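Novice: Got a predicted structure plus its sequence, pasted below:
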Amino acid sequence: VDGLARVVSRLPFDPPTSLAKLSHDHAGDPHYFDLDRLAGARLVSAVAEWTDTPEPTRPDLIRAMLTRVGILADRLSATVLLHQVQVAGDGPVDRRLRDATTPVPVTLLDLTVHPPALAPQVLTVVENPSVLEAAMRCGSPIALACTSGHLGSVDHALLQLAVDHGVDLRYAGDLDGPGLRIAGQVAAIYGATLIAMSPDVIRRAGAAPSVVAFGDPPEWIDPELRDAIASSGRVVYQEHDAALEALFGSDQSMAAIPKPGAGRAPD
């Protein structure tokens, strides 16, 4: 309570300060007000009350509210990977994306201080970095973004930026419980079309797509998808050829792509 009172008494911070520095100086621990802790949640509530605004729940909106009072959270540590994303502007992030030949890590700072002007395109958002590796290996030309799992502040910032620029969003994730939850969020909040997460992918993956049991499929998903999951009983990960072929086109068989080291003579 004392640490929180000291922080609130200093609002707004000018010049702005990082959340870790603020936590260190006012609570003696740079992680004290981390936003996944109770103290961090109370800080968010206190700032919302101090600014007389409704308390946000989306991680990017929480950080935007904190930024308005000079508290900078996760601006450099939160990143999203972009690959072959088309841009129409000439800002520093636009130029970095335009010149890149490999995936580019983009920070929350990049997306909020120097946001790129995204050109009209279809952007496929995926859950795992391995999908970008597969895209480079097979020479796929599609525009990709990778969230590396659950949706954090930088992911929400990118998705909102895409919506604001009229980008056509697609989403593909692992066919497991967390992957389906993330997919449901992206579809509901940002209107993304779900791809490579269909009953057909599960059927093409065969009887043993992984060694991981799925458990009970969620009740809220499409009945045909539920039935396919129940019949398989196993998780289908994005690394499976059936999922990758659905992403990059059935004419591009992942089985025909040379694996790293294939064809090399033994050492």
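Specialist: Sure, I can see it.

Novice: what element comes up after the one helix or strand Trp50 maps to heading to the C-terminus?
Specialist: Element membership for Trp50 (DSSP states H and E) is helix 38-51. As assigned by DSSP H and E, the chain's next helix or strand after helix 38-51 is helix 59-68.

Novice: Outside of that next one itself, list whatever touches it.
Specialist: 12, 16, 19, 35, 44, 47-48, 51, 53, 56, 72-75, 108, 112, 151-154, 156-157, 160 (Cβ atoms under 8 Å, 6 or more residues apart in numbering). Every residue, glycine included, has its C-beta placed from N, CA and C.

Novice: next helix or strand past that helix?
Specialist: Helix 59-68 is succeeded, C-terminally, by strand 71-72 (DSSP H and E).

Novice: which residues sit against that following strand?
Specialist: Contacts for strand 71-72 (Cβ under 8 Å, 6+ apart): 13, 16-19, 22, 47, 66.

Novice: ok, that strand: who's next to it in the sheet?
Specialist: In the sheet, strand 71-72 lines up against strand 17-18 (parallel) (DSSP bridges).

Novice: mind listing what's buried in stretch 204-219?
Specialist: 204-205, 209-210, 214, 217 (16 or more other Cβ atoms under 10 Å).

Novice: Reformat those residues as TSV; add pLDDT and distance to Ala88.
Specialist: As requested, the buried residues of stretch 204-219 are exported to TSV (pLDDT from 0 to 100; distance: Cβ to Cβ, whole Å):
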residue	pLDDT	distance to Ala88
Arg204	96	37
Ala205	96	38
Pro209	96	40
Ser210	96	40
Phe214	95	42
Pro217	87	41
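
Novice: Out of the residues you listed, name the ones that lie in helices.
Specialist: 204-205 (DSSP state H).

Novice: Including distance to Pro116, could the buried residues of stretch 204-219 go into a markdown table?
Specialist: Output for the buried residues of stretch 204-219, formatted as a markdown table (distance: Cβ to Cβ, whole Å):
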| residue | distance to Pro116 |
| --- | --- |
| Arg204 | 36 |
| Ala205 | 35 |
| Pro209 | 36 |
| Ser210 | 36 |
| Phe214 | 38 |
| Pro217 | 38 |
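
Novice: Farthest-apart pair in the buried residues of stretch 204-219, please.
Specialist: Arg204 and Pro217 (17.9 Å; Cβ to Cβ).

Novice: For Val131, identify the helix or strand it belongs to.
Specialist: Using DSSP H and E, Val131 falls in helix 129-138.

Novice: So what touches that helix?
Specialist: By Cβ under 8 Å, 6+ apart, helix 129-138 touches 81, 83-84, 102-103, 126, 140, 142, 144, 146, 148, 172, 238-239, 244, 247-248, 252, 254, 257-258.

Novice: what's downstream of that helix, the next helix or strand?
Specialist: strand 143-146.

Novice: Now that next one - C-alpha only, PDB.
Specialist: The C-alpha trace of strand 143-146 is given here as PDB (Å, rounded to 0.1, in the frame of the first residue of the first chain):
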ATOM      1  CA  ALA A 143       2.900 -12.100 -45.500                       C
ATOM      2  CA  LEU A 144       3.300 -13.600 -42.000                       C
ATOM      3  CA  ALA A 145       3.200 -12.400 -38.400                       C
ATOM      4  CA  CYS A 146       4.100 -14.600 -35.400                       C
END
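
Novice: Show me what the following helix or strand past it is packed up against.
Specialist: Next helix or strand after strand 143-146 toward the C-terminus (DSSP H and E): helix 153-164. Where contact means 3 or more Cβ pairs under 8 Å, 6 or more residues apart in numbering; DSSP states H and E, helix 153-164 is packed against helix 59-68, strand 79-83, strand 104-107, helix 108-113, strand 168-172, helix 177-190.

Novice: and the first one, which residues are buried?
Specialist: Translated: helix 59-68. 59-67.

Novice: Same check on the third one?
Specialist: Within strand 104-107, the residues that qualify as buried by neighbour count (16+ other Cβ under 10 Å) are 104, 106-107.

Novice: residues contacting the residue sitting nearest the centre point of the chain?
Specialist: In the chain, the centroid-proximal residue (Cα atoms, centre = their mean) is Thr147; its distance is 2.4 Å. Residues in contact with Thr147 (Cβ under 8 Å, 6+ apart) are 80, 125-127, 155, 182.
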